[in-house]
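Colleague: need coordinates for the below:
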Amino acid sequence: MNLDLRIPMGMMFTMMGAVLMAFGLAIRGKTEFFANSAGVNADLWWGLVLMAFGIVVLTLGRRGQAAIEKGRPQLLAPRPPRKRR
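Modeller: Numbers count the residues shown, from 1 in each chain. Got it, this is the predicted structure:
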């Protein structure tokens, strides 16, 4: 099974970012929730950051998976062992 590890990691970061962003949007009008963070809705902003990072990782993982399926060698593929003389 040749699965690029970036695909499940990208999905995880994207889903966690979506949950955090949804919570940030749900408490958008309630300033008592984010009074300790200098009035900044940190849940909303970090949810956006996590979603963006997850989408980038997922995109790179999908490109890597397509390269694996086409049989192209990867940039950091391990070299075959050399024969000793």
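Colleague: when you work out contacts or count neighbours from here on, use the C-alpha atoms and nothing else.
Modeller: Will do.
Colleague: give the buried residues for the worst-scoring helix or strand of the chain on mean pLDDT.
Modeller: Lowest on mean pLDDT, DSSP states H and E among the helices and strands of the chain sits helix 42-70, with a mean of 90. Within helix 42-70, the residues that qualify as buried are 42-58, 60-62, 64-65, counting by 16 or more other Cα atoms under 10 Å.
Colleague: do you know how far the residue nearest to the spatial centre of the chain is from residue 18?
Modeller: Centrality entry for the chain: nearest residue to the mean C-alpha point is residue 54, 2.2 Å, by Cα atoms, centre = their mean. In this view, residue 54 and residue 18 are 10 Å apart by Cα to Cα, to the nearest Å.
Colleague: just residue 36 next, same as before
Modeller: With Cα to Cα as the criterion, residue 36 and residue 18 are 22 Å apart.
Colleague: so between those two, which is more surrounded?
Modeller: Neighbour count, other Cα atoms under 10 Å: between residue 36 and residue 18, residue 18 has more, with 21 against 11.
Colleague: got the contact list for that one?
Modeller: 47, 48, 51 (Cα atoms under 8 Å, 6 or more residues apart in numbering).
Colleague: quick check: residue 33 touching residue 25?
Modeller: No: using Cα atoms under 8 Å as the test, residue 33 is too far from residue 25 to be in contact (11.8 Å).
Colleague: give the closest residue to residue 24 in space, chain neighbours not counted.
Modeller: Once flanking residues are discounted, residue 24 sits nearest to residue 44: 4.1 Å by Cα to Cα, 6 or more residues apart in numbering.
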